[in-house]
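Q: task: produce atomic coordinates for the following.
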Amino acid sequence: MLPASVRRHAAELDAALAGIKLCDPAIGSGAFPVGMLHEIVQARLALDTQLKSGRTPYALKRHAIQQSIYGVDIDGGAVEIAKLRLWLSLVVDEESYADIQPLPNLDYKIVQGNSLGPGGDKPVQCGALCRSRCAQTALF
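A: Okay, the predicted model is just below:
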């Protein structure tokens with residue numbers, strides 16, 4: 001049973017959750033976004049007991065993946081793993097494969113890049129650390 005204050009503001013809370021945006025600047029294998037996906041969906045399903053909209057977990061997951069979740073990683077392999085985890089989390093609980101729509105395109109939502117470094121053409125100044133790494137790779 002939802003608290004009275006939540007029941008009174010269920011529509012506003014649902015709209016806020018539907019519009020939430022989150023970005024993982026070092027997405028790795030996607031554990032944080034997948035966890036947040038499940039939290040958003042569970043909260044919206046709980047609100048649906050009050051709103052009685054009849055939305056399915058699949059529809060809520062699809063909406064969250066398409067509208068709310070973004071991520072960046074410097075490792076291209078990690079980016080692909082994160083995309084795969086999001087797609088799998090979308091379809092894993094679906095019993096009727098006939099109801100599954102084409103998977104959302106995540107190419108502009110989960111991207112490869114360096115989100116922790118400076119932008120543009122400005123070179124990274126890392127002093128002794130860079131010289132040390134250059135010396136280490138010169139050995140091979």
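
Q: list the buried residues for the lengthiest helix in the chain?
A: Identified as the longest helix of the chain according to DSSP state H is helix 31-51. The neighbour-count check on helix 31-51 (16 or more other C-beta atoms under 10 Å) flags F32, P33, V34, M36, L37, I40, V41, A43, R44, L47, D48, Q50 as buried. Every residue, glycine included, has its C-beta placed from N, CA and C.

Q: tabulate the CA atom coordinates of it in CSV.
A: What follows is helix 31-51, C-alpha atoms only, in CSV (Å, rounded to 0.1, in the frame of the first residue of the first chain):
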residue,chain,number,x,y,z
ALA,A,31,25.7,-2.3,-14.1
PHE,A,32,24.7,1.2,-12.8
PRO,A,33,22.3,2.0,-15.7
VAL,A,34,20.7,-1.5,-15.6
GLY,A,35,20.2,-1.1,-11.8
MET,A,36,18.7,2.3,-12.3
LEU,A,37,16.5,0.9,-15.1
HIS,A,38,15.1,-1.6,-12.6
GLU,A,39,14.6,1.0,-9.9
ILE,A,40,12.7,3.4,-12.3
VAL,A,41,10.5,0.5,-13.5
GLN,A,42,9.7,-0.8,-10.1
ALA,A,43,8.8,2.7,-8.8
ARG,A,44,6.5,3.4,-11.8
LEU,A,45,4.9,-0.1,-11.5
ALA,A,46,4.2,0.7,-7.8
LEU,A,47,2.6,4.1,-8.9
ASP,A,48,0.6,2.2,-11.5
THR,A,49,-1.4,0.6,-8.7
GLN,A,50,-2.8,4.0,-8.0
LEU,A,51,-2.9,5.3,-11.6
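
Q: where in this protein is pLDDT low?
A: Across the chain, residues meeting the criterion (pLDDT under 70) sit at 118-140.
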